[in-house]
Each structure stands twice: as C-alpha cells, then as structure tokens.
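Peer 1: Fold the following and give me the result.
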Amino acid sequence: MAESTFLAKITGASQKKEQLFNSSKGRYAIRSLFAGAFLTLSTAAGAIGADVINKIAPGSGRFVFPAFFVWGLAYIVFLNAELVTSNMMFLTAGTYLKKLKWQKAAAILLYCTFFNLIGALIAGWLFAHSAAFSSLSYDSFIVGVVENKLARSNELVLLEGILANVFVNIAILSFALVKDGTAKLLLVLSAIYMFVFLTNEHIAANFASFAIVKFSQVAGEVKNFDIPNILRHWGVTWIANLIGGGFLIGLPYAWLNKDQDLYVD
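Peer 2: Next up is the predicted model:
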C-alpha cells in the first residue's frame, strides 16, 4: 500500500496551523506578518529593477520584475511564514478531510490575511521612504501595475485571481511533494514567475505593491487609487484566490488521494 505524501502534508499542516493559532495568536500573527513583508521585499526590488532596465530597453521591465518577485515566495516557503493564499489550499483540503472544522479554517484564513496586510504595510512604508524610491514617478513600473489592476472590472479580477492561485499552489504542491531541494526551488520559482508575468491577481502580492505606492510621493496621481476601489479589488481577489487555490487545487487533490492505496501523490 502506497502512502500519500499529500495527505500527510495536509494533515500535518492543518494540525500545525490550528495548534499555533489556538495556542499563540501572537506567534501566528508574526509568521503571517513575515509573509506579507517578504513579498514586499521582493516587490520593491523588482519595481526598481524594472525601472532601471526599462531605461536601457523599454518594455523589458515586465520580464525583470517577476524575476525579482519570485524570491519572496521562496523566502516564505523555506522560512515557514504563513501566507494566506497557500493556506487556502491546505485548509480547504484539511476541512474536506475532516482535519479541522470549516469555522476554524475560515478564522485562520482571515487572521492570516490581516497580518499579511500589516506586514506589507510596514515594509511598504519603509521602502516608500527609502532612497531607492525617492525618485519614483507616475511613469514608474510599479505605478503602472497598480493603476492597471485597479481599472479592472470585478469579472476580470475574479478570473485573474483564480488563475493566480492555481499557479501559486502548483508551486506549493511542488514544494510539498518533490524531494530534491534544487527541484523544489526551480518549480516554485517557475510557477510564481508565470503568474506575475501574466499580471494575475494575488491578494498578498497586491498588498505589497499597493502599500509601496500608497506611501509614495506619487500616490495622489494614481487613477482609481481610493479606499473603496482598493477594498473592492482586494475583496474580489481574495474570493478568487480561494476558488483557485482551495476549490481547484486543494479539494481535487484531497479527493484524488482520499481512500486510495495505490495511485497517490
């Protein structure tokens, strides 16, 4: 009888996350805060890298930005930070497999989301006031990214958010199931690069880019950059990410491995 690595990982992750959440919300908050901050670190570096390369070869910033951004997710998975979009897969599958109640899964997801945002806001404020961002202008790469995202309709944000978290959780599944460390890293980086290059919608990534722009000197010039529109965008993105990561990756893999003893992941 073959043992499912996926089921073992889901069980372990669900129990570990619930235990930490129940025993020390402060520690869970810090791990979640780190995830938001790690993504903001790589977003900030990617934004400046894109601006630099665009001056040399206009348009090439779109290739450079995701090459920096991907490392933020690598930091998260290797350093055990709590990211809401990967938790959507783990906790949805864990709920289906009766490893925890859906009410507790929902509470953990919302708590994790909030502190991902706090981490992004803190790091975003710091970067926005750093020397690297002192010359940020309306024509900067990250400003264009944020403005384009906020102009999208709910329907488009929903679609882009579903796609984003399918990519992200392909990366998380690869990290969980593949044994070789180098292969883990390459698979994680490849999937994350693709969703960022395609400008799909990821809630924590949007926390990062929006925070940097919000605290920058050009925030007032960005079209549609108002609180109601930002909250609309984040709300639709969160739901879409749950569908993509939880319902299209977590649930199918849980079902594929439940009560199976031969063809398992």
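Peer 1: Contacts only, for I203.
Peer 2: Going by C-beta atoms under 8 Å, 6 or more residues apart in numbering, I203 touches 84-85, 113, 116, 161, 234, 237-238, 241. In this view, the C-beta of every residue, glycine as well, is placed from N, C-alpha and C.
Peer 1: what are the ranges of the helices in the chain?
Peer 2: 5-23, 25-56, 61-78, 84-96, 102-128, 141-150, 154-177, 181-197, 203-214, 227-241, 251-257 (DSSP state H).
Peer 1: S135: which of the ones you listed is closest?
Peer 2: Closest of these to S135 is helix 25-56, at 8.7 Å (criterion: C-beta to C-beta).
Peer 1: on contacts alone, who are the packing partners of that closest one?
Peer 2: With contacts taken as 3 or more C-beta pairs under 8 Å, 6 or more residues apart in numbering; DSSP states H and E, helix 25-56 sits against helix 5-23, helix 61-78, helix 102-128, helix 141-150, helix 203-214.
Peer 1: now the ones you listed as JSON lines including mean pLDDT and distance to P252?
Peer 2: Below are those laid out as JSON lines (pLDDT from 0 to 100; distance: least, C-beta to C-beta, whole Å):
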{"stretch": "helix 5-23", "mean pLDDT": "94", "distance to P252": "11"}
{"stretch": "helix 61-78", "mean pLDDT": "97", "distance to P252": "21"}
{"stretch": "helix 102-128", "mean pLDDT": "98", "distance to P252": "17"}
{"stretch": "helix 141-150", "mean pLDDT": "97", "distance to P252": "28"}
{"stretch": "helix 203-214", "mean pLDDT": "97", "distance to P252": "21"}
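Peer 1: what would those helices look like in TSV with distance to V52?
Peer 2: Shown next, in TSV, are the helices and strands packed on helix 25-56 (distance: least, C-beta to C-beta, whole Å):
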stretch	distance to V52
helix 5-23	39
helix 61-78	8
helix 102-128	16
helix 141-150	10
helix 203-214	16
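Peer 1: Of those helices, which stretch is the most buried?
Peer 2: helix 203-214 (a mean of 27; mean count of other C-beta atoms under 10 Å).
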